[in-house]
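# next one to model:
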Amino acid sequence: MDLDLTTYYSAIKASYKSWSQIGGRIAEKWASDNLYCPKCGRGLDQYANNTPVYDFYCDHSDENFVVIPKIRENFQLKASYRFPKNNFPKRINSGEYNTAINFLNHGVFPSLILLHYDRAMPAVEDAMLVHRLSITFSCIIPRKKLSINARRAGWQGSYIALDRIPQLGCIKMIEDSTIMTKSIVQEKWASITKLLQGNVVQRGWTADVINFIEQMPKNFSLEDIYRYESQLSELHPQNKHVKDKIRQQLQVLRDRGYIRFITGKGRYERVS
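Alright, predicted model coming up:
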């Protein structure tokens with residue numbers, strides 16, 4: 001993996017005038033040449049230009065063998081030199097709100113590739129994957145609809161709230177210009193796939209409870225997680241038995257190896 005963007009910049013700058021266009025093309029070309037599928041490890045394939053929502057995919061096949069039926073892993077690329085250095089913003093722009101919700105309902109929302117690059121050097125400094133299974137209804141925030149006088153009157157965009165996604169769902173491939181070990185990236189991807197199972201509603205509860213567990217000490221009590229009852233009620237207003245749901249999710253997370261019960265009633269430990 002080569003983090004230097006100099007050759008990409010030299011090849012692309014002559015064809016575009018604005019930096020947003022130049023930066024976008026550079027990011028796409030670099031990602032196509034350097035990034036890999038976190039599930040199978042092979043290089044990513046790029047969709048045709050102007051393909052809605054999706055930018056890259058992997059069907060987990062190679063020259064000799066083809067998995068039938070092919071199951072594509074889809075990715076959407078978001079790159080900026082404006083992201084805070086060594087960090088990513090709490091919210092990133094997404095597409096039309098109802099489209100995003102529809103994609104979630106049908107289980108086809110893409111994983112995200114977030115790139116942060118240094119425009120002056122130029123070089124990639126940070127890259128992070130957001131696993132598609134960790135993106136749930138809680139993460140999609142509707143924006144204000146466009147006014148009736150706008151060209152796309154009534155259109156409603158959305159944000160993806162990264163701070164509502166569990167940390168374990170965000171896998172760093174590059175951090176502060178340091179490339180993460182490929183096998184570790186794949187191992188983390190596999191562990192999330194195992195942990196966040198079920199439909200989007202089931203995964204939503206699991207992901208939200210994990211998100212709050214991550215904010216607590218490694219050893220915690222049932223009462224500790226109950227303190228997030230009101231916040232979980234806001235995220236899941238249709239559920240009127242939040243404490244029951246919390247206990248159910250703790251059992252799910254225990255069965256999947258994320259936490260374990262320890263000595264003493266209502267005590268838990270987060271497993272590394």
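
# for the rest of this, base every contact and every neighbour count on C-alpha atoms.
Noted.

# show me where the stretch 101-250 of the chain has its strands.
With strands called from DSSP state E, counting those that start in this stretch, the stretch 101-250 of the chain shows them at 111-118, 123-130, 140-142, 158-161, 170-175, 178-179, 219-221.

# same list, those strands, but as TSV with mean neighbour count and mean pLDDT please.
Written out in TSV, the entries for those read as follows (neighbours: other CA atoms under 10 Å; pLDDT from 0 to 100):
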stretch	mean neighbour count	mean pLDDT
strand 111-118	22	90
strand 123-130	22	91
strand 140-142	19	95
strand 158-161	20	93
strand 170-175	21	94
strand 178-179	15	95
strand 219-221	17	93
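
# between these, which one is closest to Thr7.
Distances from Thr7 to each of the strands of the stretch 101-250 of the chain were compared by CA to CA, and the smallest falls on strand 123-130, at 10.4 Å.

# ok, which of the strands of the stretch 101-250 of the chain comes nearest Leu195?
With respect to Leu195, and counting by CA to CA, the nearest of those is strand 170-175 at 13.7 Å.

# identify the residues contacting that closest one?
Contacts of strand 170-175 from elsewhere in the structure, counted by CA atoms under 8 Å, 6 or more residues apart in numbering, are 86, 125-131, 179-182, 185, 188-189.

# rerun at 7 Å
Strand 170-175 is touched from outside by Asn86, Glu125, Asp126, Ala127, Met128, Leu129, Val130, His131, Ile179, Met180, Val185, with contacts defined as CA atoms under 7 Å, 6 or more residues apart in numbering.

# what sits against the fourth one?
In other words, Ala127. Contacts for Ala127 (CA under 7 Å, 6+ apart) come out as Leu114, Leu115, His116, Lys172, Met173, Ile174, Glu175.

# tell me who's in contact with Leu77.
With contacts taken as CA under 7 Å, 6+ apart, Leu77 has the following neighbours: Asp55, Leu112, Ile113, Leu114.

# ok, Trp155 next?
Taking CA under 7 Å, 6+ apart, one finds Lys145, Leu146 in contact with Trp155.

# can you check the one 5 residues further on too?
The contact partners of Ile160, by CA under 7 Å, 6+ apart, come to Arg91, Ile92, Asn93, Ser94, Cys139, Ile140, Ile141.

# buried only: go through these for me.
By the neighbour-count criterion of 16 or more other CA atoms under 10 Å, the contacts of Ile160 include these buried positions: Arg91, Ser94, Cys139, Ile140, Ile141.

# can I assume the third one is in contact with Arg164?
Yes. Using CA atoms under 7 Å, Cys139 and Arg164 qualify as a contacting pair, with a distance of 5.6 Å.

# what stretches of the protein score poorly on pLDDT?
Within the chain, the stretches with pLDDT under 70 are 61-71, 82-87, 264-265.

# mind checking the longest helix of it?
The longest helix of the chain (DSSP state H) is helix 19-34.

# the nearest residue to Gly24 once chain neighbours are set aside and Val252, how far apart?
Nearest residue to Gly24 in three dimensions, chain neighbours excluded: Ala79, at 7.1 Å (CA to CA, 6 or more residues apart in numbering). Separation of Ala79 from Val252 (CA to CA, to the nearest Å) stands at 35 Å.

# work out which residue lies at the spatial centre of the chain.
Within the chain, the residue whose C-alpha comes closest to the C-alpha centroid is Val130; the distance, by CA atoms, centre = their mean, is 2.0 Å.

# the helices in the stretch 1-150 of the chain, which residues?
For the stretch 1-150 of the chain, applying DSSP state H, counting those that start in this stretch gives helices covering 6-12, 19-34, 97-105.

# circling back to that earlier point, just put the contacts of Ala127 in CSV and tack on distance to Ser147.
What follows is these, written out as CSV (distance: CA to CA, whole Å):
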residue, distance to Ser147
Leu114, 30
Leu115, 32
His116, 32
Lys172, 38
Met173, 40
Ile174, 40
Glu175, 40
